[in-house]
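J.: Build me a model from this:
(chains A and B)
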2 protein chains.
Amino acid sequence: MLPFKVVCCNCGKEARRDEWRWQDDCGGTFDIILDLQGRKFTELIDAKEENIRRYAQFLPVECLLSVHQGWTPIVKKKISGVEVNFKLEYLSLGGSFKDRGAYVSAARAKELGMGGIIVDSSGNAGISFSLMGLLSGMSVDVFVPKYAPEGKKNLLKLLQANVHEVNGDRMDVNREAIKAEREGSVYVGHWWNPYFIEGEKTMAYEAYEQIGSVDYIVAPLGSGTLLLGLYKGYEELVELGVLNEMPRIIAVQACGYSGICQELGARKECVAKSKLADGIAITDPPRREQIVKAVKRTEGCGVIVEDEDVKESLVELRKLGFIVEPTSATAYAALEQSVKAGFIKPGSKVLLPLTGSGLKLVDELVQIGAN
Amino acid sequence: MLPFKVVCCNCGKEARRDEWRWQDDCGGTFDIILDLQGRKFTELIDAKEENIRRYAQFLPVECLLSVHQGWTPIVKKKISGVEVNFKLEYLSLGGSFKDRGAYVSAARAKELGMGGIIVDSSGNAGISFSLMGLLSGMSVDVFVPKYAPEGKKNLLKLLQANVHEVNGDRMDVNREAIKAEREGSVYVGHWWNPYFIEGEKTMAYEAYEQIGSVDYIVAPLGSGTLLLGLYKGYEELVELGVLNEMPRIIAVQACGYSGICQELGARKECVAKSKLADGIAITDPPRREQIVKAVKRTEGCGVIVEDEDVKESLVELRKLGFIVEPTSATAYAALEQSVKAGFIKPGSKVLLPLTGSGLKLVDELVQIGAN
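T.: Here you go, the predicted structure:
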């Protein structure tokens, strides 16, 4: 494990490393800053491991669970004159990319002496945290909106989570989850939690080892952990001298939840608010400013997609063999738009993570009628 | 591609290679016999491919789809004094080990000029064939019992299969599927189809490359394609001189569907017929004799498991991080029984494929109440 600091993104103050905190006194989010000490990438990876522990040195935690995690396959396809590298993040134990963040966060909470973790999500994050909590012997409290589908609550219960149903909207659920913090049980929600991003960044290391550098990344943007994780991973690869420059990040939001993309200059006449891309239906994520900065630094852009495009993309992706959830398809829709708009140049190389499995929500996919 | 023959298991007669047939005139099933020509394993594999095409030389088909397939992770765990190697076959595009067999079969049907494939299964095989048909541009007709769960039929429709519901039992469904054969569309059901086994055998090659030799394999037994595929793969590894001896195969059947295990000497006072292990609820598979011979040749045995054991095993497996379907859990239940009975010796090394994803049937898992 390399030395690291926990720093507030807002006021820049350093926080204590030996306690779990999800928010600074000033209201800011925390980041983990790694001291790479001028070391070499190849000398820091554990090449015999074909899983996330290959990058244990880069993770701010001493002791990692020995379960399989990461090292997801990449499938290369030529699409509209561009080399698209699909990273199959959904082929993981919990069926989504969120397993990475939950894996690192749960390990860190455990080694800080916690006996329980608390999270607000009825979707992929809830599943990933329930699974990682179960694996590491911690209790898991998951707060979900009362209106969340029974199937999702059931999966959480199967994974032995304590499911709490909250009347109200997504923000009410968030408030209840935070209020539930108590001695030995901490809030690990991915909107705030900096360890989550540390897990996600390993996707960038893997992609680099699998296919070398890329010119663009197309990533769905909800709370921003995927995007910021990839940004951080590539940033460290540049700092390590492994890559010369950052790939340009294309952030993808859905109609009705596109504030950040609008700030990045994206324009779209939306017909209706998205009902499909529930994984990224977040109006105002706490890390908003950080996300905008990251995309701008890479000279990236924002793309807003409509449900009709998502529907079509779901079908296209299945024709390529990928049974994924609608949120994953937003990135594919955005890819096509970006190529058409000339933002992605012909012949370039794109990384496109497929974030979540469609097997979890076959009924919903059928309701969408996209076949 | 190495030279191969298509031979009837019953009368030993060789069949023409240039036409698709699922049954010999004498009523027997066909096998593919590869001519290994004294070649070396390492010289035959394509080491740069980390997927099933690594073993293209060993597959009886010229042209394989470039989709991701195979190279599933292995997770090693010490359980009851035994080294258990879980092969996560369910982390594949269609969510089960059947993708391998369907991948090779669809490619072969396509190169024999077929425009469509026909299959009888509402479960994993139906999904795998629908996916591979979609990917290779062939029409897929899936025959299912009328009583099959809506969710399963819906997934098949999402994958653009033509779903035909049949009144009657599983055998009626099979008859209707076979009757549907027509010019350009062939029956590829895995109970008979020899190319399916060729796909499954690649699991053995992979396991060998990942963890070397094993002492035992514990495999759920339905129609026998998993078991015979593993048998064939290891048999070829022995013939190639890579391994000195075959692992002992432990075949696992569920109460009420345990004819083969009984023939192998297994005894169990069953309380009730299994309702959980639907993936292996097959009373009299066409390859029965071949399966019995294979298990006996390896000095293996049969184990019969009860639904109560399957339920417990599902919970145990989830605690290890594996969200799988009940059929996968039969193997885990059998492992524990075999260790207790002293058939599996302490300190030995076991391969245990986890065959199908539980994400497809969360509602069913909840109904089982195993949490």
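J.: Close to chain B: what parts of the stretch 151-300 of chain A are there?
T.: Residues of the stretch 151-300 of chain A found near chain B (CB under 8 Å from any CB of the partner chain) are A:Gly151, A:Asn154, A:Leu155, A:Lys157, A:Leu158, A:Leu159, A:Gln160. C-beta: built from backbone N, CA, C; applies to glycine.
J.: Using CSV, lay out those together with secondary structure and neighbour count.
T.: Listed next are these as CSV, based on DSSP: H, G, I helix; E, B strand; the rest coil; neighbours: other CB atoms under 10 Å in any protein chain shown:
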residue, secondary structure, neighbour count
A:Gly151, helix, 17
A:Asn154, helix, 17
A:Leu155, helix, 27
A:Lys157, helix, 16
A:Leu158, helix, 23
A:Leu159, coil, 26
A:Gln160, coil, 16
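J.: Could you pull out the strands in chain A for me?
T.: A:4-8, A:14-15, A:30-34, A:74-79, A:82-87, A:116-120, A:139-145, A:162-166, A:185-187, A:216-220, A:248-254, A:301-305, A:349-353 (DSSP state E).
J.: and of those, who's closest to B:Glu206?
T.: Closest to B:Glu206 of these is strand A:74-79 (CB to CB; 17.8 Å).
J.: What is the neighbour count of the residue nearest to A:Val119 when sequence neighbours are not counted?
T.: Closest residue in space to A:Val119, ignoring its immediate chain neighbours: A:Phe129 at 4.6 Å, by CB to CB, 6 or more residues apart in numbering or on different chains. Residues near A:Phe129, counting by other CB atoms under 10 Å in any protein chain shown, number 34.
J.: can you pull out the helices in chain A?
T.: Using DSSP state H, the helices of chain A run over residues A:41-44, A:98-111, A:124-136, A:150-158, A:170-179, A:194-200, A:202-211, A:225-239, A:259-263, A:288-297, A:307-319, A:326-340, A:362-368.
J.: Turn those into CSV, columns for distance to B:Trp71 and mean pLDDT.
T.: What follows is the helices of chain A, written out as CSV (distance: least, CB to CB, whole Å; pLDDT from 0 to 100):
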stretch, distance to B:Trp71, mean pLDDT
helix A:41-44, 23, 96
helix A:98-111, 19, 98
helix A:124-136, 23, 96
helix A:150-158, 27, 87
helix A:170-179, 38, 92
helix A:194-200, 23, 98
helix A:202-211, 12, 98
helix A:225-239, 23, 98
helix A:259-263, 36, 97
helix A:288-297, 33, 98
helix A:307-319, 21, 96
helix A:326-340, 21, 96
helix A:362-368, 25, 81
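J.: To B:Val350, which of the ones you listed lies closest?
T.: Relative to B:Val350, the nearest member of the helices of chain A by CB to CB is helix A:124-136, separated by 21.1 Å.
J.: roughly how far is that closest one from the heart of the chain?
T.: The chain centre lies 15 Å from the centre of helix A:124-136; the measure is CA atoms, centre = their mean, to the nearest Å.
J.: what angle separates that helix from helix B:307-319?
T.: Helix A:124-136 and helix B:307-319 are oriented at 100 degrees to each other (axes from the mean of the first three to the mean of the last three CA atoms, to 10 degrees).
J.: elements contacting helix A:124-136?
T.: Helix A:124-136 is packed against helix A:98-111, strand A:116-120, strand A:139-145, helix A:150-158, helix B:307-319, with contacts defined by 3 or more CB pairs under 8 Å, 6 or more residues apart in numbering or on different chains; DSSP states H and E.
J.: Output the longest one in CSV, but only the C-alpha positions, please.
T.: These are the backbone C-alpha positions of helix A:98-111, laid out as CSV (Å, rounded to 0.1, in the frame of the first residue of the first chain):
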residue,chain,number,x,y,z
LYS,A,98,-20.2,-0.9,-8.7
ASP,A,99,-18.7,-4.0,-7.2
ARG,A,100,-15.3,-2.4,-7.6
GLY,A,101,-16.1,0.6,-5.4
ALA,A,102,-18.0,-1.4,-2.9
TYR,A,103,-15.2,-3.9,-2.6
VAL,A,104,-12.6,-1.3,-1.6
SER,A,105,-15.1,0.7,0.6
ALA,A,106,-16.2,-2.4,2.5
ALA,A,107,-12.6,-3.4,3.1
ARG,A,108,-11.7,0.0,4.4
ALA,A,109,-14.7,0.3,6.7
LYS,A,110,-13.9,-3.1,8.1
GLU,A,111,-10.3,-2.3,8.8
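J.: So for it, what gets flagged as buried?
T.: Using 16 or more other CB atoms under 10 Å in any protein chain shown as the burial criterion, the residues of helix A:98-111 that qualify are A:98-110.
J.: With distance to B:Val252 added, can I get those residues in a markdown table?
T.: Listed next are those as a markdown table, based on distance: CB to CB, whole Å:
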| residue | distance to B:Val252 |
| --- | --- |
| A:Lys98 | 33 |
| A:Asp99 | 29 |
| A:Arg100 | 33 |
| A:Gly101 | 36 |
| A:Ala102 | 32 |
| A:Tyr103 | 31 |
| A:Val104 | 36 |
| A:Ser105 | 37 |
| A:Ala106 | 33 |
| A:Ala107 | 34 |
| A:Arg108 | 39 |
| A:Ala109 | 38 |
| A:Lys110 | 35 |
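J.: Closest to A:Arg287 out of those residues?
T.: Closest approach between these and A:Arg287, by CB to CB: A:Gly101, at 13.0 Å.
J.: Name the residue closest to the centre of chain A, please.
T.: Central residue of chain A (CA atoms, centre = their mean): A:Leu226, 2.9 Å from the mean position.
J.: so that residue makes contact with A:Phe97?
T.: Yes - judged on CB atoms under 8 Å, A:Leu226 makes contact with A:Phe97 at a distance of 6.1 Å.
J.: Quickly list what's touching both of those two.
T.: Taking CB atoms under 8 Å, 6 or more residues apart in numbering or on different chains as the criterion, A:Leu226 and A:Phe97 both touch A:Glu200, A:Met203, A:Pro353, A:Thr355.
J.: Give me the local confidence score for A:Gly256.
T.: At A:Gly256, the model reports a pLDDT of 95.
J.: Report the contact partners of A:Leu88.
T.: Contact analysis of A:Leu88 by CB under 8 Å, 6+ apart lists A:Thr72, A:Pro73, A:Ile74, A:Val75, A:Phe322, A:Leu354, B:His68.
J.: Pick the one among the residues you listed closest to B:Val214.
T.: A:Pro73 (24.0 Å).
J.: Look at that closest one and say how many residues are nearby.
T.: A:Pro73 has 21 neighbouring residues, counting by other CB under 10 Å.
J.: Likewise for A:Gly256?
T.: A:Gly256, neighbours per other CB under 10 Å, totals 17.
J.: just to revisit the earlier point, can you lay out the contacts of A:Leu88 as a markdown table showing pLDDT?
T.: Converted to a markdown table, the contacts of A:Leu88 look like this (pLDDT from 0 to 100):
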| residue | pLDDT |
| --- | --- |
| A:Thr72 | 97 |
| A:Pro73 | 96 |
| A:Ile74 | 96 |
| A:Val75 | 96 |
| A:Phe322 | 98 |
| A:Leu354 | 98 |
| B:His68 | 92 |
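J.: I'd like to know which residues of the stretch 1-150 of chain A are adjacent to chain B.
T.: A:50-51, A:67-68, A:71, A:73, A:75, A:88, A:91-95, A:131, A:134-135.
J.: can I assume A:Asn162 is in contact with A:Met138?
T.: No - between A:Asn162 and A:Met138 there is no contact, the gap being 11.5 Å when judged by CB under 8 Å.
J.: So those two - more neighbours on which side?
T.: A:Met138 (20 against 15).
J.: Give the buried subset of the shared contacts of A:Leu226 and A:Phe97 as a ChimeraX selection command.
T.: A single ChimeraX command selects the buried members of those (16+ other CB under 10 Å):
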select /A:200,203,353,355
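J.: Just give me the closest of the shared contacts of A:Leu226 and A:Phe97 to A:Glu269.
T.: Checking these against A:Glu269 with CB to CB, the nearest one is A:Thr355 at 26.5 Å.
J.: Give me the phi and psi angles of the closest one.
T.: Dihedral pair for A:Thr355: phi -80, psi -40, per degrees, to the nearest 10.
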